[in-house]
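Q: need a structure here:
(2 chains)
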Amino acid sequence: MTNKTCIIVSGATAVGKTSHAIDLALKYNTQIISADSRQCYRELNIGVARPSAEQLDSVPHYFINSHSIYDDVNAKVFEQYALDAVQKIFENNDVAVMVGGTGLYIKAFSEGLDEVPAIDENIRTEINETYKIEGLPWLQNVIKNHDPLYFSSGEMQNPQRSLRALAVKLSTGKSILDFQVGKKIKRNFEIKNIYLELPRSELYKRINNRVDEMMNAGLLQEAENLFQYRHFNALQTVGYKEIFEHIDGKLSLHDAVEEIKKNTRHFAKRQVTWFKKFL
RNA sequence: GGUCCUGUGGCCGAGUGGUCAGGCAGAGCUCUGCAAAAGCUUCCACAGCGGUUCGAAUCCGCUCGGGACCU
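A: The predicted structure is shown next:
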């Protein structure tokens, strides 16, 4: 069983992962699992830099157009989906290729996530609603009273994480930190990582160019059509949220495009930081 | 030619004698169920020269650069 190998191609956005992965897949005559948290949504096209139709025709892809923006997609969902996908690929191949820039998803696939019991949706909703009204100080104070462990060693400045920590605590009675033991699961196949990188200046140039290409390809129109879904998690995406602001009249189109470029550069930088540490 | 205004870090922008502005960009970082998310840290100034003062980005003078007005 250990003669199976998954080659994971990672790197910042716009480094050229897609074509590299396709070359690899063709070479091994195998299939690709995308590890991209946005390209899985079939409603999103231009803005997520999905592989071209020709590329998708040349190699079968998993986790591309596989979900809807109505679906609940997250790292855990991906982990399970991707593990199922590799096994399917391994039925006929010794090699599978994964490619993507969503570091957490790749980590979940490679090492697994600690088991945290499902949380009560009602509790979660209630907490989120109160947070919106009362803000971070309220959240910090509640955690201080309910989950001293998290209060002392959790990310108390980070609302997103703190919100989840509180939801877990109130749902299970235990601190999320008690579940997060950091156990690394050893998969029953080999993993080979290929990390692609470019000099920062060149990467930024490619990003800027790609955004211009997206605009020429009709990103504005696509975003207009998706405007009604702007609050969906899937639409909290660089390339769309800036145009939504433009539609709202908060940004000129030109400024919105500049924002997209800037935010994509920020995103790329975070990816570099992540992969540098993780790999 | 004269009069008045003005000159803060890559950009925007406060400060007006004696802690730090701040924001953006840039850089660095964190990271286990929203991750193209969320959060944290941080370099670079006071146009130049001289003077007043214990002490000047802050007051005075000159130089240079901008801007406005003037019969």
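Q: can you map out the strands along chain A?
A: Using DSSP state E, the strands of chain A run over A:5-11, A:32-34, A:61-62, A:95-100, A:190-196.
Q: out of the ones you listed, which is closest to residue A:261?
A: With C-beta to C-beta as the measure, strand A:5-11 is the member of the strands of chain A nearest residue A:261 (18.6 Å). (Each C-beta comes from the backbone N, C-alpha and C, glycine too.)
Q: between that closest one and strand A:190-196, how many degrees?
A: 20 degrees (axes from the mean of the first three to the mean of the last three C-alpha atoms, to 10 degrees).
Q: packing partners of strand A:5-11?
A: With contacts defined as 3 or more C-beta pairs under 8 Å, 6 or more residues apart in numbering; DSSP states H and E, strand A:5-11 has these neighbours: helix A:17-27, strand A:95-100, helix A:103-111, strand A:190-196, helix A:253-278.
Q: before we move on, back to that, out of the strands of chain A, deepest packed?
A: Mean neighbour count (mean count of other C-beta atoms under 10 Å) peaks for strand A:32-34 among these, with a mean of 29.
Q: distance of residue A:60 relative to residue A:134?
A: 49 Å (C-beta to C-beta, to the nearest Å).
Q: ok so, going back, out of the strands of chain A, which gets nearest to RNA strand B?
A: Nearest to RNA strand B among these is strand A:95-100 (8.1 Å), distances taken as C-beta to the nearest atom of the strand.
Q: what sits up against the closest one?
A: When contacts are defined by C-beta atoms under 8 Å, 6 or more residues apart in numbering, strand A:95-100 is touched by residues A:4-10, A:17-18, A:20-21, A:24-25, A:28, A:30-36, A:39, A:82, A:85-86, A:89-90, A:106, A:109.
Q: near RNA strand B, from those residues?
A: A:36, A:39 (C-beta under 7 Å from any atom of the strand).
Q: hang on, the earlier thing: mind putting the strands of chain A into a markdown table with mean pLDDT?
A: Output for those, formatted as a markdown table (pLDDT from 0 to 100):
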| stretch | mean pLDDT |
| --- | --- |
| strand A:5-11 | 98 |
| strand A:32-34 | 98 |
| strand A:61-62 | 98 |
| strand A:95-100 | 98 |
| strand A:190-196 | 97 |
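Q: how about a markdown table for the ones you listed, with distance to residue A:160 added?
A: Converted to a markdown table, the strands of chain A look like this (distance: least, C-beta to C-beta, whole Å):
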| stretch | distance to residue A:160 |
| --- | --- |
| strand A:5-11 | 23 |
| strand A:32-34 | 24 |
| strand A:61-62 | 28 |
| strand A:95-100 | 21 |
| strand A:190-196 | 27 |
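Q: these: which one's closest to residue A:163?
A: The closest of those to residue A:163 is strand A:95-100. By C-beta to C-beta, the value is 26.1 Å.
Q: what pLDDT does residue A:253 get?
A: pLDDT, residue A:253: 91.
Q: surely it touches residue A:220?
A: Yes - with contact defined as C-beta atoms under 8 Å, residue A:253 reaches residue A:220; the gap is 7.2 Å.
Q: among these two, which residue is more densely surrounded?
A: With neighbours defined as other C-beta atoms under 10 Å, residue A:253 and residue A:220 compare such that residue A:220 has more, 17 against 13.
Q: how close does the more buried one sit to residue A:262?
A: Taking C-beta to C-beta, one finds residue A:220 at 18 Å from residue A:262.
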